[in-house]
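> missing the sequence, but the structure's below:
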């Protein structure tokens with residue numbers, strides 16, 4: 001029987017002072033923030049270990065209590081009336097806010113490990129958490145796991161070339177809660193009074209959800225570990241799948257409801273992939289050794305479902321570029337979306353009557369935000385007490401939006417914006433020499449590789465012809481500004497010499 005406890009507490013205070021004439025605070029301002037944090041951990045465990053013939057049994061049960069308390073006071077002073085005095089009392093208007101955060105999780109857990117002759121093992125665990133952040137009907141949730149392994153190299157005779165072999169498999173379920181105060185509306189008072197009386201208001205901007213359920217994550221894994229030539233060559237292979245359900249999400253809603261977001265349980269995301277590690281010692285001479293390790297991992301990530309009414313969910317945005325990161329059903333988590341150029345069924349860009357690209361009204365997937373493949377290759381050279389380590393790594397299969405690339409094209413400093421520039425200048429000179437006629441057709445410039453609409457067939461489908469309308473290169477590249485990030489989404493793959 002063992003018990004332990006811990007108490008972690010700290011206090012934090014910060015003062016931000018802006019004297020008179022500070023930009024954006026010309027009348028002066030001060031902000032004082034005081035934070036008190038206390039975290040308590042208590043745990044008790046009872047262990048058991050016994051050997052019965054060829055079997056080894058190890059088990060334990062336990063209980064724990066985790067409590068976190070965070071209290072914050074913020075005092076803001078505006079309009080300094082005593083210049084040179086950096087104290088809160090030197091300001092005309094003083095506002096104080098108070099924040100309070102308290103969370104408690106009570107847990108019970110247990111584990112049993114069974115071993116047979118040092119070659120086969122079976123482990124099972126179970127845990128129950130009771131969280132203060134969920135409603136009484138849902139605050140208690142269980143998550144079990146089971147795993148097993150077999151050292152098959154002990155089952156048969158083999159030569160020195162084969163050193164070790166093990167198979168392993170596991171299944172686990174993990175639960176999760178949320179932050180405090182997500183079940184009910186928050187109330188407060190307005191910053192003014194009516195007839196001397198304070199006025200109450202709903203302070204929440206998010207619609208709460210009383211019946212929030214804990215998040216559940218289910219994972220399965222199988223693996224192989226083999227070693228050869230007295231462990232000078234080893235291979236570790238893992239195949240896994242993880243599915244997460246009932247994620248606690250805050251979805252955007254119409255502001256006409258007096259709220260900006262609504263809290264729900266939704267979403268199912270699946271990750272599955274392969275991890276491989278190969279380690280070898282190609283050279284070992286007396287006090288010198290060269291060890292090298294190659295690792296590879298691939299992950300297939302997919303959003304299986306979100307919500308019946310919300311098939312896509314905005315994670316973050318670069319609104320100035322009209323680029324967004326979404327979770328979308330049947331897409332990898334974290335895709336880059338935006339307005340794409342309109343195209344024909346065979347992929348040709350459609351231009352308007354001015355020769356500039358046209359854009360879809362709705363957003364579509366333009367890139368992938370997560371890597372599909374990662375690789376690493378390390379080398380360790382050891383001689384006596386000296387060690388030299390080299391590490392290379394690489395990632396492939398993801399994209400990124402480049403703001404600096406967009407700005408360089410928009411400002412005309414990118415090399416690619418030179419295309420058609422001289423021809424456009426010559427066309428403009430010829431236009432002025434001809435008296436700038438209204439029906440002038442440019443003789444040179446940037447020519448979009450696409451098609452233009454020249455009519456419709458009897459069924460109402462557009463008829464296309466090859467684009468022959470030259471445009472100012474500046475107009476072409478600036479047509480994407482604030483509209484579409486498509487040309488500026490680039491491959492984020494890389495190979496790096498990471499460490500020496």
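Cool, the structure landed. Every value quoted in this text rests on a predicted model; they were computed, and no experiment measured them.

> give me every residue that touches residue 68.
Applying Cβ atoms under 8 Å, 6 or more residues apart in numbering to residue 68 gives the contacts 37-40, 101-104. For glycine as for every other residue, the C-beta is placed from the backbone atoms N, C-alpha and C.

> hmm, try it at 7 Å
By Cβ atoms under 7 Å, 6 or more residues apart in numbering, residue 68 lies in contact with 39, 103.

> helix or strand for it, which one?
strand 55-80 (DSSP states H and E).

> Describe which strands that strand pairs with in its sheet and in which direction.
Strand 55-80 has the following strand partners under DSSP bridges: strand 29-52 (antiparallel), strand 91-116 (antiparallel).

> Mind putting the ones you listed into CSV with mean pLDDT?
Putting those into CSV (pLDDT from 0 to 100) gives the following:
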stretch, mean pLDDT
strand 29-52, 94
strand 91-116, 93
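
> Need these in CSV (columns: distance to residue 399 and mean neighbour count).
Formatted as CSV, these follow (distance: least, Cβ to Cβ, whole Å; neighbours: other Cβ atoms under 10 Å):
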stretch, distance to residue 399, mean neighbour count
strand 29-52, 39, 14
strand 91-116, 38, 14
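
> Quick one: these as TSV, columns for distance to residue 471 too.
Shown next, in TSV, are the strands paired with strand 55-80 (distance: least, Cβ to Cβ, whole Å):
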stretch	distance to residue 471
strand 29-52	50
strand 91-116	54
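
> mind checking the longest helix of this structure?
helix 421-433 (DSSP state H).

> Quick one: low-confidence residue ranges for this structure.
Applying pLDDT under 70 to the chain flags no residue at all.

> what residue is smack in the middle of it?
residue 334 (6.9 Å; Cα atoms, centre = their mean).

> And the residue nearest to it when sequence neighbours are not counted, how far from residue 459?
Excluding the flanking residues, the one nearest residue 334 by Cβ to Cβ, 6 or more residues apart in numbering is residue 369, at 3.6 Å. Residue 369 sits 40 Å away from residue 459, going by Cβ to Cβ, to the nearest Å.

> neighbour count winner among those two?
Taking other Cβ atoms under 10 Å, residue 369 and residue 459 do not tie; residue 369 has more neighbours (20 against 5).

> next one: phi and psi at that one?
Main-chain dihedrals, residue 369, degrees, to the nearest 10: phi -90, psi -10.

> before we move on, the earlier item: now do the helix or strand following the longest helix of the chain: distance to the chain's middle.
From helix 421-433 onward toward the C-terminus, using DSSP H and E, the following helix or strand is strand 446-447. Centroid separation between strand 446-447 and its chain, computed with Cα atoms, centre = their mean, to the nearest Å, is 39 Å.

> Which strands and helices lie in contact with the next helix or strand after strand 446-447?
With elements assigned by DSSP H and E, the helix or strand that comes after strand 446-447 is strand 450-456. Contacts defined by 3 or more Cβ pairs under 7 Å, 6 or more residues apart in numbering; DSSP states H and E place strand 450-456 against strand 349-351, strand 462-466.

> which one of these has the most crowded surroundings?
strand 349-351 (a mean of 20; mean count of other Cβ atoms under 10 Å).

> Tell me the first helix or strand C-terminal of that strand.
Following strand 349-351 in sequence, per DSSP H and E, is strand 359-368.

> for the helix or strand that that next one is followed by, the distance to its chain's centre please.
Heading C-terminal from strand 359-368, the first helix or strand you meet, by DSSP H and E, is strand 373-383. Distance of strand 373-383 from the chain centroid (Cα atoms, centre = their mean) equals 27 Å.

> Give the pairing partners of strand 373-383; include direction for each.
Short version: by DSSP bridges, strand 373-383 pairs with strand 288-305 (antiparallel), strand 386-396 (antiparallel).

> As JSON lines, those with mean neighbour count and distance to residue 74 would be great.
Shown next, in JSON lines, are those (neighbours: other Cβ atoms under 10 Å; distance: least, Cβ to Cβ, whole Å):
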{"stretch": "strand 288-305", "mean neighbour count": "16", "distance to residue 74": "38"}
{"stretch": "strand 386-396", "mean neighbour count": "14", "distance to residue 74": "41"}
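
> Select, out of the ones you listed, the one closest to residue 135.
Closest to residue 135 of the strands paired with strand 373-383 is strand 288-305 (Cβ to Cβ; 23.6 Å).

> buried set for stretch 413-427?
Going by neighbour count (16 or more other Cβ atoms under 10 Å), the buried part of stretch 413-427 is 417, 420-421, 423-424, 427.

> now do the same end-to-end measure for that stretch.
One end of stretch 413-427 sits 22 Å from the other (Cα to Cα, to the nearest Å).

> which residues touch that stretch?
408-409, 442-447, 470, 472-473, 477.

> Give me the distance between residue 207 and residue 484.
33 Å.

> For the two, indicate the residue with more neighbours.
Neighbour totals were compared for residue 207 and residue 484, and residue 484 leads with 22 against 17 (other Cβ under 10 Å).

> hang on, the more buried one packs against residue 337?
No. If you go by Cβ atoms under 7 Å, residue 484 and residue 337 don't touch, sitting 10.8 Å apart.
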